[in-house]
Structures are given as C-alpha cells and as structure tokens.
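In: just to be clear, the model below is a prediction. Sequence and coordinates:
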Amino acid sequence: MTSQPLPTPATAPLARLHGVRKAYRTLTALDGVGFSIRRGEVLSVLGANGAGKSTSIAVLLGLVAADAGEAEVLGLAPGEIAARRRIGVMLQSAGIPENAKVAELLDLTRSYYPNPRSVADCVAMAGLDGLMDRRYGRLSGGQQRRVQFALAICGNPELLFLDEPTTGLDIDARQRMWATIRELVAAGTGVLLTTHYLEEAEALADRVVVLDRGRVVADGGMDEVRARVSQRRIRCLSALDVARVGTWPGVRAASRDGARIEVVADAAEDVVRRLLAEDPALTELDIRRAGLADAFLELTRDTDREAA
C-alpha cells in the first residue's frame, strides 16, 4: 500500500540518510553515510569519483536499496510515488527520447505533477527560448542540459536533485542557471547538488558534505569546512626561486606564474617574514585563507594518510 502524501513540517529535513551502508560484492560504496537537507538550502555533496556521491543519490531516489541504515525523502520511503511527485531530478544520464520535441517533453513531464509550473515559467527559468519546436536529439550538449533542467523544475518540486547540472554549459548559461537555483532556494526549495566544479559549490552551497571512500569526512557550512584547513595562500611579485621556497618549513607548495609566485603554507606569518627578508624588493603581497578546493584536498588527503 502506497503512503499518502503528508505535509512535511518546516523544521523537518526534506531528505536524510542515517548510517547507510551499501556494498557491491567486495566494493563498499557507502560505509555508514549520514546527512540531511533542509528547506531553503543548497547542500553540495563533494567527493572524487568512487567516493559515494552517486550511490547516495541513488539510495535517496529509490534506485538502489541500502543494505543497512535509514533513508527518507519528504517523510516517506525513497521511490514512493507520493514522494516522487514532490521532487525534481536532473541526473548526468537522462535517457530522453531524441526524436521528441522539447515542447512535447515539457508537456509530458508536467503532466506527472499535481501542481506544475507554467510552460512560460519553465521556458524563462531554464532559458529555452527558441528551442521548444526543436527535437531533443538535434540540440547541442549545453542546450540538452538546459532542457533537462527545465524538466527537473517543471513540477514545482520541494526538493531538487542536481547532478553535475552545468556540465557542458558556457559561462553565461552557467551564471543564468545559478541565478535560477538561487531563486528556487529563496522560495524554499531544497537543493542537493553534486558537482566537480568546486567554484560552483562555493558559489551556491549553504552546506557541504565531503565524501571519501564511502564515508563522510566533513559536514558543515562553507566557512566551517574551510576553517578545518588552516592553510593560507600567499601571492606576490618576487624573483625568488620557487623550487627553493618550496623546501621551506611550513610550505606545502610553491609555484610561479610569470613574475608572480604563489605559496601555500600551513601558517602565513613565518613564511611571509622569510619572503620579505630574502627579497626586500617583493611587492603586491596578498594573503588569503584556504578556499573550498584547498579544504577538499586536505580533507581527502587526511583519509589517505589514515588508510596508509
């Protein structure tokens, strides 16, 4: 018997995993994974290939069953029709009929939902002007991604799954999609985002979950995750030999781009003091905290050290 759709309390998570395990023969894809997503937030799930991102989404969508643990979407078991009618999904593999026209695809998908967005809204939000009479298979890769985005949002979902949504988009189209995602979130939609573009996660995410080898190694706000890495990026104009700078205590990496050098250091003070002492002509000194990319690399590097 299928559960009836019930309103999800504003304070309840839209979706959650708790202690989820999933193995494929000898490969452990998820090893006690747990996280949740709330209304009006973007949760970005990050990880290298094989970290468990796709399997986590598959469990939440009811595409695969967990071996252990709990999974819930809108207060229901993953995959139930009542839950599916309240979510939108944009995966990397779409399986859309290539001979269908965009207008036909949009009309068909809208018919699955009880309270769909208007066609005009879908066209405007996904940037489909001029594409409605085109056959899907005749579109460019970027245009197909925009159609897939329209199909994901056309049902006016409470929860939106976006798996690498801007792959294949040019810069302008990517920025427009980001703007639409922000509008959806401001209206209360929860978004689960997976992306290889760390700048995309940094631009959109309220919270970040980092997966490595099927385990959660970080879960928190953007500033909280970055704060777990004390590294600083130091940039300046200098004639110093970067190979030698790279051997200094506390320096993780040193590189040159023309006249400018960049140093990644555990702490800035001692390194900056030595830079100034060894090159009094140094100029344009700039010190910044670690970004999300630095935090991601450091967090997954820590897991490698533990495994060793």
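Out: Now that the structure is in, tell me what you want to look at.

In: so what pLDDT did residue 92 get?
Out: Looking at residue 92, its pLDDT stands at 84.

In: got the contact list for it?
Out: By Cβ atoms under 8 Å, 6 or more residues apart in numbering, the residues touching residue 92 are 163-164, 167. (Each C-beta comes from the backbone N, C-alpha and C, glycine too.)

In: can you check residue 122 too?
Out: Neighbouring residues of residue 122 by Cβ under 8 Å, 6+ apart: 106, 110, 128, 150, 153-154.

In: quickly find the element holding it.
Out: helix 119-126 (DSSP states H and E).

In: alpha carbons of that helix, as PDB, please.
Out: In PDB, the C-alpha atoms belonging to helix 119-126 read as follows (Å, rounded to 0.1, in the frame of the first residue of the first chain):
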ATOM      1  CA  VAL A 119       5.200  26.400 -19.600                       C
ATOM      2  CA  ALA A 120       6.100  30.100 -19.800                       C
ATOM      3  CA  ASP A 121       7.900  30.000 -16.400                       C
ATOM      4  CA  CYS A 122       9.800  26.800 -17.300                       C
ATOM      5  CA  VAL A 123      11.000  28.400 -20.600                       C
ATOM      6  CA  ALA A 124      12.100  31.600 -18.900                       C
ATOM      7  CA  MET A 125      13.800  29.900 -15.900                       C
ATOM      8  CA  ALA A 126      15.700  27.300 -18.000                       C
END
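
In: next secondary structure after that helix?
Out: Following helix 119-126 toward the C-terminus (DSSP H and E): helix 141-153.

In: ok, and what's touching the next helix or strand after that next one?
Out: Using DSSP H and E, the helix or strand that directly follows helix 141-153 along the chain is strand 159-163. Contact partners of strand 159-163, identified using Cβ under 8 Å, 6+ apart, comprise 14-15, 37, 54, 57, 60-61, 73-74, 86-92, 149, 152-153, 181, 184, 189-194.

In: and for stretch 242-258?
Out: Residues outside stretch 242-258 that contact it (Cβ under 8 Å, 6+ apart): 231, 261-267, 270-271, 274-275.

In: where does the stretch 101-250 of the chain have low pLDDT?
Out: Applying pLDDT under 70 to the stretch 101-250 of the chain flags residues 226-230.

In: could you measure from residue 112 over to residue 150?
Out: Distance of residue 112 to residue 150, given as Cβ to Cβ, to the nearest Å: 14 Å.

In: the more surrounded of those two?
Out: Neighbours per residue, other Cβ atoms under 10 Å: of residue 112 and residue 150, the larger number sits with residue 150, 28 against 13.

In: excluding its backbone neighbours, what's nearest residue 201?
Out: With Cβ to Cβ, 6 or more residues apart in numbering as the criterion, residue 201 has its nearest non-adjacent residue at 4.0 Å, and that residue is residue 44.

In: which SS state does residue 200 fall under?
Out: With DSSP: H, G, I helix; E, B strand; the rest coil as the basis, residue 200 sits in helix.

In: how about it: what's its closest non-neighbour residue?
Out: Closest residue to residue 200 apart from its sequence neighbours, by Cβ to Cβ, 6+ apart: residue 166 at 6.3 Å.

In: could you measure from that neighbour over to residue 48?
Out: 19 Å.

In: looking at the two, which one has more neighbours?
Out: Ranked by neighbour count (other Cβ under 10 Å), residue 166 and residue 48 place residue 166 first, with 24 against 14.

In: other SSEs contacting the helix or strand where the residue nearest to residue 201 lies?
Out: Using DSSP H and E, residue 44 sits in strand 42-46. On a contact count with 3 or more Cβ pairs under 8 Å, 6 or more residues apart in numbering; DSSP states H and E, strand 42-46 meets strand 27-37, helix 53-60, strand 190-194, helix 198-204, strand 207-212.

In: how about the contacts of residue 122, which pair is most distant?
Out: 110 and 128 (13.1 Å; Cβ to Cβ).

In: quick one: residues contacting the nearest residue to residue 110 once chain neighbours are set aside.
Out: Leaving out its chain neighbours, the residue that sits closest to residue 110 by Cβ to Cβ, 6+ apart is residue 116, at 3.9 Å. Residue 116 makes contacts with 110, 154-156, as judged by Cβ under 8 Å, 6+ apart.
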